[in-house]
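1. missing the sequence, but the structure's below:
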């Protein structure tokens with residue numbers, strides 16, 4: 001019986017490790033996104049992503065188990081896992097799923113910042129409080145992750161040294177939100193289009 005391509009060294013030490021590498025990138029990336037959807041309470045998407053994540057993983061691990069003496073397969077598996085984590089985080093950042101709360105603390109003109117946010121479609125609530133250095137204003141604003149950069153820019157334009165914090169929130173019942181960035185895929189590939 002003549003040897004086939006699948007029996008060759010080229011397949012065993014180059015093609016197969018590359019396939020395992022790519023499979024791991026896919027399943028770890030999907031897994032990262034699935035975890036995000038689970039944390040956000042998206043019950044419909046998480047099981048579907050989980051199916052494909054495990055399906056791809058089973059294929060990859062079966063090839064590892066079939067080639068236990070091939071170190072290159074181990075390397076492809078580990079490298080794919082590491083790369084998948086990185087790509088998964090980038091994809092999750094570009095998808096920008098969910099809502100955030102911005103908390104701003106300023107000791108002057110808090111009402112001006114609140115009115116600026118309101119004028120640009122962001123809901124903002126201002127509260128008078130007492131800080132270590134005297135009276136301050138605390139401003140709360142709920143924003144979609146897609147519109148976070150615009151809100152942060154307004155805060156920094158108001159005062160570059162203003163203290164603010166950003167927290168993730170799981171669910172919002174109602175509120176004032178500007179329009180989301182249309183078609184998240186535009187943001188998804190913007191990083192590579194700029195050649196960064």
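-> Received the coordinates, thanks. All figures in this text were calculated on a predicted structure; none of them were measured in a lab.
2. can you give me the strands for the protein?
-> Assigned by DSSP state E, the strands in the chain fall at 99-106, 125-131, 134-144, 163-169.
3. Give me the contacts around the longest one.
-> With contact meaning Cβ atoms under 8 Å, 6 or more residues apart in numbering, strand 134-144 is reached by 96, 98-107, 110-111, 113-114, 117, 122-130, 151, 169, 172, 175, 177-178, 180. The way it works is simple: take the backbone N, C-alpha and C, and place the C-beta from them, glycine included.
4. re the thing from before, please name whichever of the strands of the chain is nearest to residue 84.
-> Across these, residue 84 has its closest neighbour in strand 163-169 (22.2 Å, Cβ to Cβ).
5. mind giving me the domain ranges of this protein?
-> The chain breaks down into these domains under automatic domain parsing: 5-95, 99-173.
6. quick one, what contacts residue 156?
-> By Cβ under 8 Å, 6+ apart, the residues touching residue 156 are residue 162.
7. remind me which residues of the protein are low pLDDT?
-> Across the chain, the ranges flagged by pLDDT under 70 are 1-3, 5-6, 170-196.
8. What is the burial count for residue 97?
-> Applying other Cβ atoms under 10 Å, we find 17 other residues in the vicinity of residue 97.
9. and if you look at residue 47?
-> The number of residues packed around residue 47, counting by other Cβ under 10 Å, is 12.
10. Check the one 10 residues further on too.
-> Counted with other Cβ under 10 Å, residues neighbouring residue 57 total 17.
11. Once you drop chain neighbours, what's closest to the spatially most central residue of the chain?
-> Nearest to the geometric centre of the chain sits residue 92, at 2.3 Å (Cα atoms, centre = their mean). Among residues not flanking residue 92 along the chain, residue 36 sits closest, at 5.2 Å (Cβ to Cβ, 6 or more residues apart in numbering).
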